[in-house]
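Asker: Got a predicted structure here, sequence first:
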Amino acid sequence: MTRLTKISGIYQIKNRINNKKYIGHSINITYRWYTHTSNLMENVHPNKELQEDFNKYGIDVFDFSVLELVSGKKKLIEKEQMYLNKLDFRNNYNVHRAIAEKHIFDKESFIKYIRDKWLVPDGVVDAEELDKYKIYKEEDKEEIIKYAIDCNLLNKYPSQITFINIIKYMINELGFNIISKREQRINRGQYTYKLIIKI
């Protein structure tokens, strides 16, 4: 089995149909591309325009390339900024000129995703209606983890990010009100679910 080399640097995703680009940086570009592709395939990518074009054209029209090999977090950010400064933001997938602004966008994108999919709407009290907002299935937790990773929500390596890390961050840093309850399974045992009731 071939082991993929860990590549650190600046990367680009380019749409060959309309020539729009997305530029990013990573200490592990291979894994970052996997995250982008996985989110796009699952229709949960935080970059709405990139997701829309992916849905329209499919994966075959996108080229993934390494623009420059760079080591060190500070150097990565500086180099990415140089590439972003040359980008026309009206006609590409990146939406912010500065790295700091990009992080704000990512955080807001995560909050919007949680609000749209998991936040219990005001007035919902019916047990059956509440069921669809309960977070306890592994696939739901994995989706939230992937979204948090793609949004650069936590200052950790992807392998270190857990569902509990994200829940704690949502409560302590983003102001979400999350209740945790145990519920009896119909067949056997119990499970614990999270219910996001307020922000």
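Answerer: Looks like it came in fine.
Asker: Neighbours of residue 45, how many?
Answerer: Residue 45 has 23 neighbours, counted by other C-beta atoms under 10 Å. For every residue, glycine as well, the C-beta is placed using N, CA and C.
Asker: give the contact list for residue 17.
Answerer: 53, 57, 61 (C-beta atoms under 8 Å, 6 or more residues apart in numbering).
Asker: Pretty sure the first one sits against residue 21.
Answerer: Right, residue 53. No. Taking contacts as C-beta atoms under 8 Å, residue 53 lies outside contact range of residue 21: 11.4 Å.
Asker: Let's see if you can find the most crowded of the contacts of residue 17.
Answerer: The contacts of residue 17, ranked by neighbours (other C-beta under 10 Å): first place residue 53, 20 neighbours.
Asker: What is the three-state secondary structure of that one?
Answerer: Secondary structure state of residue 53, per DSSP: H, G, I helix; E, B strand; the rest coil, is helix.
Asker: leaving aside the residues next to it on the chain, what's closest to it?
Answerer: residue 15 (5.7 Å; C-beta to C-beta, 6 or more residues apart in numbering).
Asker: partners of the closest residue to residue 67 other than its chain neighbours in the sheet?
Answerer: Closest residue to residue 67 apart from its sequence neighbours, by C-beta to C-beta, 6+ apart: residue 10 at 4.5 Å. Applying DSSP bridges to residue 10 gives these bridge partners: residue 25, residue 68.
Asker: Distance-wise, check residue 10 relative to residue 30.
Answerer: Distance, residue 10 to residue 30, by C-beta to C-beta, to the nearest Å: 14 Å.
Asker: just to revisit the earlier point, what do residue 53 and residue 21 both touch?
Answerer: Shared contacts of residue 53 and residue 21 (C-beta under 8 Å, 6+ apart): 15, 93.
Asker: Spit out the contact partners of residue 165.
Answerer: Residue 165 sits next to 154, 156 when contact means C-beta under 8 Å, 6+ apart.
Asker: quick one: which helix or strand includes it?
Answerer: helix 163-172 (DSSP states H and E).
Asker: which of the residues in the following helix or strand past that helix are buried?
Answerer: Counting by DSSP H and E, the next helix or strand C-terminal to helix 163-172 is strand 177-184. By neighbour count with 16 or more other C-beta atoms under 10 Å, strand 177-184 contains the buried residues residue 178.
Asker: what's the answer for stretch 75-85, then?
Answerer: Across stretch 75-85, burial judged by 16+ other C-beta under 10 Å covers 76, 79-81, 83-84.
Asker: the domain parsing of the protein - what is it?
Answerer: With domains defined by automatic domain parsing, the chain comprises 9-97, 106-198.
Asker: Can you add mean pLDDT and give these back as TSV?
Answerer: Shown next, in TSV, are these (pLDDT from 0 to 100):
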stretch	mean pLDDT
domain 9-97	88
domain 106-198	86
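Asker: Pick the most deeply packed of those domains.
Answerer: domain 9-97 (a mean of 16; mean count of other C-beta atoms under 10 Å).
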